[in-house]
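A.B. asks: fold the following and give me the result.
(2 chains)
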Amino acid sequence: MTLKLRSVEIATGSNDRESRLVFDDGMLVAILVRLSGEHGSLADKWFLEVGFGPVKDIHAPLFDDLETAKAWISTRLTDIARRD
Amino acid sequence: MRGVRARPWDRRSDPIPRHAPVVSRAARPIDASQTDPDLPFSPPAPRIDMSNPFVRKLEGFGPLPDADRALLERIGANAHLIGQRVDLIREGDTPDGVILIMEGIACRQKHRANGARQITAYLVPGDACDLDVALLTQMDHTITTLSACRVVRLPLDFVKRLTDEHPAIARALRLSSLVDEATLREWLVNVGCRSAIERIAHLFCELLVRLQIVGFANADSYEFPITQLDLADTVGLSNVHVNRSLQELRREGVIELKGRTLKILNLQRLKSIAEFDAKYLHLGARAAA
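C.D. replies: This is a model prediction of the structure:
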């Protein structure tokens, strides 16, 4: 699985703007947002703003970098594919 | 596992620093000679600065005879100091008493197998866990201290006598249970129908009123020992969304969080964001609070 990222800015109503749309085979599966300085020690971590289908999880961890985030998203998608 | 675990009050209290309420009430001296031999514990040395939020809460539901009031005052003298994040009773345990919170904040919570949890109620000073818990064979949720707390455990037979022999106390306790249920309904509306910022604003408004009733908040501030993660698990949001909402409330000049003190700078605005109406707390004559 190769996830593709596209940079966007998102109006989250906060200073968290820098974002990535995450596509799996052309389908949008998640939106990641980089946390701004207003999150203190969590600043610069990547937050799963939205996950679609099996990627949806309000208790998802924060990711140190985009590669870690992609690995986590891939695992979620793979787990579901295997279950099917 | 049911009923065999040592409970926090079975241990000697550790000398945990207590955090003072935002507003100290006038001291009500407690005379050890008044102690009722029927009370559940032989009391420790009386704390002469002890004031009893349980009395203040129950009196709010209607006047109590002097004897009832004195009895409730003495119950408070038996409070145990318990640290933060201690389970007072766990899901599956056999209930062995009614827990009263005299100081600090505890919560009711449920855990999922995957580690997620939902906090379903805050117990603030003066609050008790279910009066009729004796009718249950096992707890369906866990009660945990969120901050250091002063806690009293009333044995079940004592609670039975308390309600059998003191009808005014029994009535106040039943009203208190109704308010607990109404509060739970309001919290359900919160997680089901309100946005992130509205949920938090609503909780802050509710706590202001509840803490004012028992003398632990002044006109606009109170001690708020709840972590952001606890708050997230209370309102069903991620930690990030809670932080964004808090920042927005700060930016708009609605609240100020300094250390462990929450100061509400614009109560009208906070109430308006939350559409807060204190009716469900059934304050009656205290509605001006």
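A.B. asks: for the residue in the stretch 151-289 of chain B that chain A sits nearest to, give me its contacts.
C.D. replies: Proximity of the stretch 151-289 of chain B to chain A (Cβ to the nearest Cβ) peaks at residue B:244, 4.2 Å away. (Glycine included, C-beta is placed from N, CA and C.) By Cβ atoms under 8 Å, 6 or more residues apart in numbering or on different chains, residue B:244 lies in contact with A:12-14, A:16, A:38, B:196.
A.B. asks: okay, and the helix or strand of chain A with the least pLDDT?
C.D. replies: helix A:66-83 (a mean of 88; mean pLDDT, DSSP states H and E).
A.B. asks: show me what counts as buried in that one.
C.D. replies: A:69-70, A:72-74, A:76-77 (16 or more other Cβ atoms under 10 Å in any protein chain shown).
A.B. asks: the stretch 1-150 of chain B: strands as residue ranges?
C.D. replies: Ranges of strands in the stretch 1-150 of chain B, per DSSP state E, counting those that start in this stretch, are B:80-82, B:87-89, B:98-103, B:106-111, B:117-123, B:142-145, B:149-154.
A.B. asks: which strands or helices does the third one pack on?
C.D. replies: The helices and strands touching strand B:98-103, judged by 3 or more Cβ pairs under 8 Å, 6 or more residues apart in numbering or on different chains; DSSP states H and E, are helix B:53-59, strand B:149-154.
A.B. asks: for the ones you listed, which one ends up most surrounded?
C.D. replies: strand B:149-154 (a mean of 24; mean count of other Cβ atoms under 10 Å in any protein chain shown).
A.B. asks: got any ranges where the chain has weak pLDDT?
C.D. replies: I'll assume chain A. A:81-84 (pLDDT under 70).
A.B. asks: not quite, go with chain B.
C.D. replies: Applying pLDDT under 70 to chain B flags the ranges B:1-7, B:9-51, B:285-289.
A.B. asks: show me what contacts whatever residue of chain A ends up closest to chain B?
C.D. replies: Closest residue of chain A to chain B, Cβ to the nearest Cβ: residue A:14 (4.2 Å). Residues in contact with residue A:14 (Cβ under 8 Å, 6+ apart) are A:36, A:38, B:244, B:247-248.
A.B. asks: can I get the helices and strands packed on strand B:98-103 in JSON lines with distance to residue B:120?
C.D. replies: Below are those laid out as JSON lines (distance: least, Cβ to Cβ, whole Å):
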{"stretch": "helix B:53-59", "distance to residue B:120": "20"}
{"stretch": "strand B:149-154", "distance to residue B:120": "18"}
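A.B. asks: so which of the ones you listed gets nearest residue A:6?
C.D. replies: strand B:149-154 (49.8 Å; Cβ to Cβ).
A.B. asks: now that closest one and strand B:98-103, what's the angle there?
C.D. replies: 150 degrees (axes from the mean of the first three to the mean of the last three Cα atoms, to 10 degrees).
A.B. asks: tell me the angle of strand B:149-154 relative to strand B:106-111?
C.D. replies: 80 degrees.
A.B. asks: how about residue B:220: what's its closest non-neighbour residue?
C.D. replies: residue B:264 (4.7 Å; Cβ to Cβ, 6 or more residues apart in numbering or on different chains).
A.B. asks: so that neighbour touches residue B:270, yeah?
C.D. replies: Yes: here residue B:264 reaches residue B:270: they are 5.7 Å apart, a contact under Cβ atoms under 8 Å.
A.B. asks: which parts of the stretch 101-250 of chain B sit against chain A?
C.D. replies: Applying Cβ under 8 Å from any Cβ of the partner chain, we find that the stretch 101-250 of chain B lies next to chain A at B:114-116, B:236-238, B:240, B:243-244, B:247-248.
A.B. asks: let's have those residues in TSV, adding distance to residue B:150 and secondary structure.
C.D. replies: Shown next, in TSV, are those (distance: Cβ to Cβ, whole Å; DSSP: H, G, I helix; E, B strand; the rest coil):
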residue	distance to residue B:150	secondary structure
B:114	34	coil
B:115	30	coil
B:116	30	coil
B:236	29	coil
B:237	30	coil
B:238	32	coil
B:240	34	helix
B:243	30	helix
B:244	34	helix
B:247	33	helix
B:248	35	helix
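A.B. asks: quick one: end-to-end length of stretch B:208-223, please.
C.D. replies: This stretch, stretch B:208-223, spans 10 Å end to end (Cα to Cα, to the nearest Å).
A.B. asks: can you mark which positions in it are buried?
C.D. replies: For stretch B:208-223, using 16+ other Cβ under 10 Å, the buried residues are B:208-217, B:220-223.
A.B. asks: what's the following helix or strand after whatever helix or strand residue B:184 lives in?
C.D. replies: Per DSSP states H and E, residue B:184 falls inside helix B:167-193. Under the assignment DSSP H and E, the closest C-terminal helix or strand after helix B:167-193 is helix B:196-213.
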